[in-house]
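> generate coordinates for the sequence data below:
(chains A and B)
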Amino acid sequence: AQSVTQLGSHVSVSEGALVLLRCNYSSSVPPYLFWYVQYPNQGLQLLLKYTSAATLVKGINGFEAEFKKSETSFHLTKPSAHMSDAAEYFCAVSDTNTGNQFYFGTGTSLTVIP
Amino acid sequence: NAGVTQTPKFQVLKTGQSMTLQCAQDMNHEYMSWYRQDPGMGLRLIHYSVGAGITDQGEVPNGYNVSRSTTEDFPLRLLSAAPSQTSVYFCASTTLRGRDLGEQYFGPGTRLTVT
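Residues are numbered from 1 along each chain as shown, chains lettered A, B, ... in the order given. Model prediction:
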């Protein structure tokens, strides 16, 4: 089965600083990869998706992620953090062969310090 | 479009009681799924369906049943509630075709407490 590992359950950054949230996947075949954001007491919203069309994927709210096959990584970045970015972020993977099971990481809680 | 709707938003059950969590989507998505979210464990897949009449087990299916009689609805049944089923439950849907393949839409969640 596929799996994803998110390093760091809690990340704190100052407002205006770089945001870097780490995600590594386990797969011998490049899968579909996703980043979702969850604001308090809400469901998850899709930030961006990797489908092998391009290694650098741009998402909503200024976030982007780079797929690195050699490192089996799909880290999420944003050049300048905003207070409204404070939320829980989840990396997820799907097997491209079956496409019908999605595996989520344990999440990273982002705190933005004013 | 309403997207994915879930009812109820909150529920308290006593051990041994049964109940059904409702989920509906109006996007004509083939794929629907149920997850539970527990602190420090992310989202874990309970059951999923790739179309009406087709369901399958996910990572943590024990104690839960599902059915998919229509494209729109995917209810989750707790057969005999246990305290270990205290969690937040999310329903999600996506298409399995085209450019939007795999992009899941989530409902607002149901917070369940079993005493």
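
> out of everything not next to it in sequence, what's closest to the residue nearest the centre of chain B?
The centre of chain B sits closest to residue B:34, judged by C-alpha atoms, centre = their mean, with a distance of 2.6 Å. Among residues not flanking residue B:34 along the chain, residue B:46 sits closest, at 4.4 Å (C-beta to C-beta, 6 or more residues apart in numbering or on different chains). The way it works is simple: take the backbone N, C-alpha and C, and place the C-beta from them, glycine included.

> can you tell me the element the one you found falls in?
strand B:42-51 (DSSP states H and E).

> partners of that strand in the sheet?
strand B:31-38 (antiparallel), strand B:54-57 (antiparallel) (DSSP bridges).

> so how far is residue A:68 from the residue of chain A found nearest chain B?
In chain A, the residue that lies nearest chain B is residue A:43 (3.4 Å; C-beta to the nearest C-beta). The gap separating residue A:43 from residue A:68 is 29 Å, by C-beta to C-beta, to the nearest Å.

> who's more crowded, those two?
Shown here are residue A:43 and residue A:68; by other C-beta atoms under 10 Å in any protein chain shown, residue A:43 has more neighbours (22 against 12).

> got a list of what the more buried one touches?
B:4, B:90, B:92, B:106, B:107, B:108, B:109 (C-beta atoms under 8 Å, 6 or more residues apart in numbering or on different chains).

> mind putting the residues you listed into CSV with distance to chain A?
Converted to CSV, these look like this (distance: C-beta to the nearest C-beta, whole Å):
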residue, distance to chain A
B:4, 8
B:90, 6
B:92, 8
B:106, 3
B:107, 5
B:108, 5
B:109, 6
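
> which among those residues gets closest to residue B:20?
The nearest member of the contacts of residue A:43 to residue B:20, counting by C-beta to C-beta, is residue B:107 at 14.5 Å.

> doesn't residue B:76 make contact with that closest one?
No. Using C-beta atoms under 8 Å, residue B:107 is not in contact with residue B:76, being 11.1 Å away.

> please say which of the two ends up with more neighbours.
Each of residue B:107 and residue B:76 has its neighbours counted (other C-beta under 10 Å); residue B:107 has more, 26 against 22.

> can you check the pLDDT for the more buried one?
For residue B:107, the pLDDT comes out at 96.
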